[in-house]
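1. build the 3D model from these lines:
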Amino acid sequence: MRVENDGREACFMCGRLSAAGRTCAGCTDQTLLRGVSVAAYYEGPVKELILALKFRRQRAAAEAAGALVLRRAEDWPALDMVTSVPVSPARHRERGYNQSELVAQVVACRLGLPYSALLGRLGSDHQLGAGRQERLRQVTGAFFAKRRLAGSRVLLIDDVVTTGATLAECARALEVAGAGALWGAVVARH
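-> Predicted coordinates:
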């Protein structure tokens, strides 16, 4: 299992090397996310863990995924709450849960922070197998904040980051709702 723990992570927007996963200087005007911590690469046991959680209904895998995410907690700024990237209503009905929410709840509990489902999702496009441009098109305007945030510092959790489009669009919705600093954390980079 290849785990990113040497401080040589990349900016989640453009892929340029960036210490501790911080958003690089060239991308800071495109997103409120200060950075995204990536626990591991999407391969081997980590890939199997995510597949078990997403598609094999093994909810207990969220504990292990949350533990992986927490290995990078020293990189995070001060936070007020934890939230997650929402799945579409259709996917939630099909699966019965949101895998990113389960991981975020584990992280929030271990950090002693509140978890709040701050975001909703419109549409039901599946990003699996979609290219960068298609992913960008699919997520544009797909997320909305459920309430005002009044400067809250939020940790946004997702299971996998590929292009960063979903995280950036979620951050945009949180920014519109009044979020303060935002940081992202994911189980794996695809």
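
2. where are the low-confidence patches of this protein?
-> Counting by pLDDT under 70, the chain has low-confidence residues at 1-8, 124-136.

3. same thing but 90
-> 1-32, 72, 75, 88-91, 122-142, 162-165, 190 (pLDDT under 90).

4. show me where it has its strands.
-> Taking DSSP state E to define them, one finds strands in the chain at 33-41, 81-84, 119-121, 143-145, 154-161, 182-189.

5. okay, the ones you listed in TSV with distance to Glu175 and mean neighbour count next?
-> Bear in mind the C-beta positions are built from the backbone N, C-alpha and C, glycine included. Listed next are the strands of the chain as TSV, based on distance: least, C-beta to C-beta, whole Å; neighbours: other C-beta atoms under 10 Å:
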stretch	distance to Glu175	mean neighbour count
strand 33-41	9	23
strand 81-84	13	24
strand 119-121	12	19
strand 143-145	9	19
strand 154-161	10	25
strand 182-189	7	27
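
6. got the ones you listed as TSV, with distance to Ala62 columns?
-> Below are the strands of the chain laid out as TSV (distance: least, C-beta to C-beta, whole Å):
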stretch	distance to Ala62
strand 33-41	13
strand 81-84	11
strand 119-121	18
strand 143-145	21
strand 154-161	9
strand 182-189	10
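
7. out of those, which is closest to Gly112?
-> Counting by C-beta to C-beta, Gly112 lies closest to strand 81-84 out of those; the figure is 10.4 Å.

8. any chance you could map the helices in this protein?
-> Using DSSP state H, the helices of the chain run over residues 44-55, 61-70, 89-95, 99-111, 132-139, 165-176.

9. quick one on the thing from earlier: out of the strands of the chain, flag the one nearest Arg56.
-> Across the strands of the chain, closest to Arg56 is strand 154-161 (C-beta to C-beta), at 13.5 Å.

10. between helix 99-111 and the closest one, find me the angle.
-> Interaxial angle, strand 154-161 versus helix 99-111 (axes from the mean of the first three to the mean of the last three C-alpha atoms, to 10 degrees): 130 degrees.

11. what lines up beside strand 154-161 in the sheet?
-> The pairing partners recorded for strand 154-161 under DSSP bridges are strand 81-84 (parallel), strand 182-189 (parallel).
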